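Enquirer: With the input below, show me the fold.
(one chain, ligands or ions: 2)
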Amino acid sequence: MLQQRDGQGQPVAIRREDYTAPAWWIDTVELTFDLDPSKTRVLNRMRLRRNPDQPTGALRLDGEELNLARVLVDGQGASFRMEAGQLVIDNLPEAFELEIFTTCCPVKNTKLMGLFVSQDTFFTQCEAEGFRRITYFLDRPDVMANYTVTLRADKTAYPVLLSNGNLVDSGDLPDGRHFAQWVDPFRKPSYLFALVAGKLVAREQRIRARNGKEHLLQVFVRAGDLDKTEHAMTSLIHSVLWDEARFGLPLDLDRFMIVATSDFNMGAMENKGLNIFNTKYVLANQATATDADYSNIESVVGHEYFHNWSGDRVTCRDWFQLSLKEGLTVFRDQEFSMDLCADASARAVKRIEDVRVLRTAQFPEDAGPMAHPVRPDSYFEISNFYTVTIYEKGAEVVRMMQTLVGRKGFERGITLYFERHDGQAVTCDDFAQAIADANPDSELARLLPQFKRWYAQSGSPRLLAHGSYDAEARSYTLAFEQSCPPTPGQSHKEPFVIPVNVGLLSEDGRELPLQLEGEGQATAGTRTLVLTEASQRFVFTGLDAAPVPSILRGFSAPVVLDFAYTDAQLLTLLANDIDPFNRWEAGQRLALRSAIQAITDSAPVGNAVLDDAYIAAMRSVLGDTKLDAAFKELVLTLPSETYIAEQLDVVDPQRVHTVREAMRLQLATALFAEWEQAYDANQDTGAYTPDPLSAGRRALAGMALVHLCLAACASGDAVWPGRTLQRFKDAGNMTDRFNALNALVSSGHALAAPALARFHAIFKDEALVIDKWFSLQAGAPDRGGNVLPLVKQLMKHPDFSLKNPNRARSVIFSYCSANPGAFHRTDAAGYVFWSDRVIELDALNPQVAARLARGLDRWNKLAEPYRSAAREAIMRIAAKPDLSKDTREVVTRALA
Ligand code: PHE
Ligand code: ZN
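Expert: Ligands and ions are numbered 1, 2, ... in the order given. Sure thing, here's the model as predicted:
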């Protein structure tokens, strides 16, 4: 395969500052496919014209792993040359028709980019640069064309033929073949092209929009899966209604299709009118899917649907602008899920879950060798930049804009953005400008150039806050200092615009009015302080005693807040804050404090890591009848090993694991009676529904079972493990069943083995459930190094396959990336296993391999002997001469 390489054959960095508009535009594309798994023929007929702004330059078309048969310019054989993998044609007229005839081999396409076959069905994946694996093209998002697509295939093997837009013609052909022709009414970049051909069935629903227009919604799956499509369809309908109600953005197509495939590198893809999904984010019924699956499906269906505007109608000028569509669309799907919540408590739960992802995955990325700005400056392989920074931090940047202009102001900004840029390929600057221009009197408009540092500077800012009370002046001063640690290529940072939502509580937990010095009126509740300087102070007056500050309510900015809270202050916040996020956060801070103390202590880990006050606080949270179960479950969940590790300068993963396990056991035994009560009080009696309220009850009951089994294993009691096994057998839904199985497996009880065997027997034909079966075992808490041998065993299981990304993730990622206590071994065997798998996967599927290669990003923080062993494992991978660009970039950065 040919890549962009320099004179020495090294891949070249692509730089944002090198952007130039294309020398040619493609106005129309007519594609004709003769679909055949081992040799698909593609005829690509295009109308091109020179871009008047770029009067010189040959036509250079991208192409990869294609067999080129013929090139015609205006119907005549044309001379062309191949240069660095591109097809180059000189001396072209100002406008012309170009025909290119190629073939490719979908069945050998294990990268799952371009045209591939999954379970006898053809699918495509073109983002970011997959279209060039289908035909020669200007494969860049700023080249937008009108597409007409004709699909021809065997009618028995491929009865359903789909592409973007509207079906305009179909019929039979000789030799048992048939055809379908599709026209997309919208211009689009090549990355949004899609086709699907195979034996599929659809759930269909007609809906009427506000303006009276009818739309056909379809969810295509394999025949046996139709009973698992109701939730995806419901989620799609909710998405259509929500985008119209909240942002005034209607569905612009007669037909909107979702198709599920079990072989997919990512979650799903927003191809115009023809979204292609990983089955994991479509298929659900109560027997096979957990509450978490239901909620993920709702988010992902929403996410892809919302891309129809934020991504498809207005797209990215170049891939450096990826967060333009991804950050905005994650923000939109987060808001969607929140707006579907019945009450403020459920909204807060969603917010806490989102922040947890940001802090356990994005903060480490921003502190590691792959740190990059929300709008990166360079890359070797764009596939490596579909990251939590682009997605989740990008969404936080959009959220801060909403905080600065208000919810209504933000909606005005979105309206202006789509009015201004509909049909265009634009930049992050264009987006921020539109939001600011729609709110000329806002802080955002006033501070826009500085605000945009969030797009340019990488690293998570640190916010050091300090409070002092002056009894005489009855005033309280909050002083802030912001800084941002150096990141690769950025040693110095300028101050950010940081919106900090603040409230003040009395020592007994009452919310106090906020009176800022020099302002007329005191305000009740939360205020947004907008920080712009490296250090800044705010004076609150009219206070009879030192208040307890509640800072960064709702996590109003993606920063690390450092404030020297006393334990007593944190307990006050935990018990009383009106802001549920900071209530939760106070509990996390308390637990983290104890964890870090025990980890950094030189003494062996005892069994009383948590102090009595914390246990008592957790006891009252569990018993609090005013709190929702979902919120309790979050408060009682200890910070993850990964999150704890991030707070340490030097990490001994084994010690972190031991301490956290000790904390879990302590919570299990100290609160045994409360866990029993929580379990009994949260049994559902009615029919299963995946709504947040009942899901929360199941989550808390499941958490209770885990702790009851843990305590039972320690004490030798057999009652709760027995009840858990019974619950596992009788459960009426997958959530309860899986939670029970998890309780047995994660407590290491002997009943886990028969339960696992039974689970496999029941669900052997449900691939997504078998993924759970693998993942639960590979992710189980390590006991004396038992997980790695088990993982190796699982890879020999007849159901295991490295080629299927979901399955590979369920075993290998669950172990290497999600089970630090088992993965980091003093004998380095986990790292050796990891490097073998990266190398093995790289030959099949570079995108998946490169993601796995991120597993040791934080090697530099590890204590010895882990650190040296990890470095060696990365070097083993780097020593392979024929690595993909994807994996090469990751290991090169890790060793830099
Ligand atoms: N654009 C997709 C999304 O976020 C993600 C994706 C990227 C899927 C690359 C496949 C390949 O919705
Ligand atoms: Zn997306």
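Enquirer: per-residue confidence at whichever residue of the stretch 451-600 of the chain sits closest to ligand 2?
Expert: Distances between the stretch 451-600 of the chain and ligand 2 by C-beta to the ion are smallest at Tyr455, namely 17.5 Å. (Each C-beta comes from the backbone N, C-alpha and C, glycine too.) You'll see Tyr455 listed with a pLDDT of 99.
Enquirer: do Asp6 as well
Expert: With respect to pLDDT, Asp6 has a value of 57.
Enquirer: cool, Gly606 as well?
Expert: For Gly606, pLDDT reads 91.
Enquirer: In this structure it contacts Ala662, no?
Expert: Yes - using C-beta atoms under 8 Å, Gly606 makes contact with Ala662 at a distance of 7.3 Å.
Enquirer: Overlap in contacts, those two.
Expert: Listed as contacting both Gly606 and Ala662 by C-beta atoms under 8 Å, 6 or more residues apart in numbering are Ala598.
Enquirer: ok, these two, which is more surrounded?
Expert: Regarding Gly606 and Ala662, a neighbour count based on other C-beta atoms under 10 Å identifies Ala662 as having more, with 18 against 11.
Enquirer: Can you read off the pLDDT for the more buried one?
Expert: Per the predicted model, pLDDT is 98 at Ala662.
Enquirer: does it sit in a helix, a strand or a coil?
Expert: helix (DSSP: H, G, I helix; E, B strand; the rest coil).
Enquirer: List the residues that contact it.
Expert: Ala662 sits next to Ala598, Val605, Gly606, Asn607, Val609 when contact means C-beta under 8 Å, 6+ apart.
Enquirer: related to what we said a few turns ago, I'd say the residue of the stretch 451-600 of the chain closest to ligand 2 and Val398 touch.
Expert: No - with contact defined as C-beta under 8 Å, Tyr455 does not count as touching Val398 (10.8 Å).
Enquirer: For this protein, give me the ranges with low pLDDT.
Expert: Applying pLDDT under 70 to the chain flags residues 1-9.
Enquirer: near ligand 1, which residues of it?
Expert: With the criterion set to C-beta under 6 Å from any ligand atom, the chain comes near ligand 1 through Gln125, Glu127, Asn265, Met266, Ala268, Met269, Glu270, His303, Glu304, His307, Glu326, Tyr386.
Enquirer: Tabulate the contacts of Ala662 (TSV), appending distance to ligand 2.
Expert: Listed next are the contacts of Ala662 as TSV, based on distance: C-beta to the ion, whole Å:
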residue	distance to ligand 2
Ala598	40
Val605	42
Gly606	46
Asn607	45
Val609	40
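Enquirer: Looking at those, which are in helices?
Expert: With DSSP state H as the criterion, helices contain Ala598 from among these.
Enquirer: So among the contacts of Ala662, which ones count as buried?
Expert: Among the contacts of Ala662, those buried by neighbour count (16 or more other C-beta atoms under 10 Å) are Ala598, Val605, Val609.
Enquirer: tell me, how many neighbours does the closest residue to ligand 1 within the stretch 701-850 of the chain end up with?
Expert: Residue of the stretch 701-850 of the chain nearest ligand 1, by C-beta to the nearest ligand atom: Gln847 (7.8 Å). The number of residues packed near Gln847 is 23, by other C-beta under 10 Å.
Enquirer: That one contacts Lys111, doesn't it?
Expert: Yes - assessed by C-beta under 8 Å, Gln847 is found in contact with Lys111 at 7.0 Å.
Enquirer: quick revisit: comparing Tyr455 and Val398, which residue is more hemmed in?
Expert: Taking other C-beta under 10 Å, Tyr455 and Val398 do not tie; Val398 has more neighbours (28 against 22).
Enquirer: Spit out the contact partners of the more buried one.
Expert: Neighbour list for Val398: Gly327, Leu328, Phe331 [criterion: C-beta under 8 Å, 6+ apart].
Enquirer: Check the secondary structure at the first one for me.
Expert: Just to be clear, that refers to Gly327. helix.
Enquirer: Please apply the same query to the last one.
Expert: Three-state secondary structure (criterion: three-state DSSP) places Phe331 in helix.
Enquirer: Look up how far Phe363 lies from it.
Expert: 18 Å (C-beta to C-beta, to the nearest Å).
Enquirer: and the residues of the chain next to ligand 1, which of them are in helices?
Expert: Filtering these for helices - DSSP H - leaves His303, Glu304, His307, Glu326.
Enquirer: tell me what the host helix or strand of Ala202 is packed against?
Expert: Element membership for Ala202 (DSSP states H and E) is strand 201-208. If contacts are counted by 3 or more C-beta pairs under 8 Å, 6 or more residues apart in numbering; DSSP states H and E, strand 201-208 sits against strand 214-221, helix 230-247.
Enquirer: What are the buried residues along that strand?
Expert: Val201, Ala202, Arg203.
Enquirer: can you check stretch 620-635 too?
Expert: Val621, Leu622, Leu627, Asp628, Ala629, Ala630, Phe631, Lys632, Glu633, Leu634, Val635.
Enquirer: Show me what the helix or strand hosting the last one is in contact with.
Expert: Same thing as Val635. Under the criterion of DSSP H and E, Val635 resides in helix 629-636. The contact list for helix 629-636 (C-beta under 8 Å, 6+ apart) reads 345-346, 348-349, 352-353, 574, 580, 583-584, 587, 618, 621-622, 624, 667, 678, 682, 692-693, 695-697, 699-701, 703.
Enquirer: Following element in sequence after it, please.
Expert: Proceeding N to C from helix 629-636, the next assigned helix or strand is helix 641-646, under DSSP H and E.
Enquirer: now could you export just the CA positions of that next one as CSV?
Expert: Output of helix 641-646 as CSV, limited to C-alpha atoms (Å, rounded to 0.1, in the frame of the first residue of the first chain):
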residue,chain,number,x,y,z
GLU,A,641,-8.2,2.8,39.7
THR,A,642,-7.5,4.8,36.5
TYR,A,643,-8.8,8.0,38.1
ILE,A,644,-6.9,7.4,41.3
ALA,A,645,-3.7,6.7,39.3
GLU,A,646,-4.0,10.0,37.5
